[in-house]
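Participant: here is the input, now give the coordinates:
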Amino acid sequence: MSTQAITERSPSVIETPPPLELLDVSKVYGEAQLAVQALRGVTLTVHEGEFVAVMGPSGSGKSTLLQLAGGVESPSAGCVSICGRALVGQSSAARAQARLGAVGYVFQALNLVSSLTAKENVALPLELAGEKTKRAYRLATDALIEVGLESSVDKFPEEMSGGQQQRVAIARGLIGDRKLILADEPTGALDSVSGEAVLRLLRAKVDAGAAAILVTHDARHAAWADRTVFLRDGLIIDDTGGPGEPRDLMGPLC
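Facilitator: Okay, here's the model as predicted:
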């Protein structure tokens, strides 16, 4: 049989959709004279194993981009897809279902449940995705140990410092087999040593195959990423780096 015949009969390669695609996305808050355009025609794709930092001045649209990427809000125009699943036109419940188990979100406001312990807060996304409680608690405990909170597993948020609460939120965002991790200034309440440890964890998750977006004001934190996207007035004004290009890892990932 000729090489040509073999080639013609070979099945085509099926490409896996990227964890995140934003196509010509805009977001407007308010109406008429009170309307504020937070994003203007933003197009961004984040692939498996890719770490993207998003930088820009306050009010440039960084947090809005993250909220749209996670399906927390809907765009005013354009398309948002998570792992090939389009979110535009979906209800808030459908968007929540799309990100359940696939998206890890570290909110700037933390959003911890005050009536749950650290372990219960971290395990919550796994339980909502159908994981058995016993295993979810075991994985949550491991995640808390990774962020240095082995002595705070059974503490409630009000019993912890702001920095400790931030690390609980980070553990919750990184737990499980996340395809996409979205982090909004995750090291804001941490000292430099703890902040670097968190960035090592995030980098390790990406190197294991996840995709991640990090919103940050700190160029040192952005240096951990493969690409840096700069926003201004809701527009991407620069996009440096790309998949496979050299990056500065700033030390070993351990």
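Participant: what about the strands in the chain?
Facilitator: Residue ranges of the strands in the chain, as given by DSSP state E, are 20-29, 36-46, 51-55, 77-82, 85-86, 103-106, 180-184, 211-215, 227-232, 235-241.
Participant: I'd like those laid out as a markdown table, including distance to R200, mean neighbour count and mean pLDDT.
Facilitator: (C-beta placed from N, C-alpha, C; glycine too.) Shown next, in a markdown table, are those (distance: least, Cβ to Cβ, whole Å; neighbours: other Cβ atoms under 10 Å; pLDDT from 0 to 100):
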| stretch | distance to R200 | mean neighbour count | mean pLDDT |
| --- | --- | --- | --- |
| strand 20-29 | 22 | 18 | 96 |
| strand 36-46 | 20 | 18 | 96 |
| strand 51-55 | 12 | 24 | 97 |
| strand 77-82 | 25 | 18 | 94 |
| strand 85-86 | 30 | 14 | 90 |
| strand 103-106 | 15 | 24 | 90 |
| strand 180-184 | 13 | 25 | 94 |
| strand 211-215 | 13 | 26 | 96 |
| strand 227-232 | 18 | 20 | 96 |
| strand 235-241 | 19 | 15 | 89 |
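Participant: need these in CSV with distance to R167, can you?
Facilitator: As requested, those are exported to CSV (distance: least, Cβ to Cβ, whole Å):
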stretch, distance to R167
strand 20-29, 25
strand 36-46, 24
strand 51-55, 20
strand 77-82, 26
strand 85-86, 30
strand 103-106, 10
strand 180-184, 13
strand 211-215, 16
strand 227-232, 25
strand 235-241, 28
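Participant: what about the ones you listed, which gets the closest to E131?
Facilitator: When the strands of the chain are compared by Cβ to Cβ, strand 103-106 sits nearest E131, at 14.1 Å.
Participant: ok, that closest one: who's next to it in the sheet?
Facilitator: Sheet pairing for strand 103-106, assigned by DSSP bridges, gives strand 180-184 (parallel).
Participant: next one: the partner strand to chain centre, how far?
Facilitator: 1 Å (Cα atoms, centre = their mean, to the nearest Å).
Participant: go on, stretch 167-187?
Facilitator: 7 Å.
Participant: pull out the buried residues from it.
Facilitator: Counting neighbours by 16 or more other Cβ atoms under 10 Å, one finds that the buried residues in stretch 167-187 are 167-176, 178-187.
Participant: give me the subset of these that lies in helices.
Facilitator: Using DSSP state H, the subset of these located in helices is R167, V168, A169, I170, A171, R172, G173, L174.
Participant: closest to V72 among these?
Facilitator: For those, the nearest to V72 is G173 (13.2 Å; Cβ to Cβ).
Participant: quick one: pLDDT of that closest one?
Facilitator: For G173, the model assigns a pLDDT of 91.
Participant: mind listing what it touches?
Facilitator: The contact partners of G173, by Cβ atoms under 8 Å, 6 or more residues apart in numbering, come to G104, Y105, V106, I181, L182, A183, P186.
Participant: pick the one among these closest to P125.
Facilitator: Relative to P125, the closest of the contacts of G173 is G104; by Cβ to Cβ it sits at 7.5 Å.
Participant: where does this protein dip in pLDDT?
Facilitator: Within the chain, the stretches with pLDDT under 70 are 1-14, 241-254.
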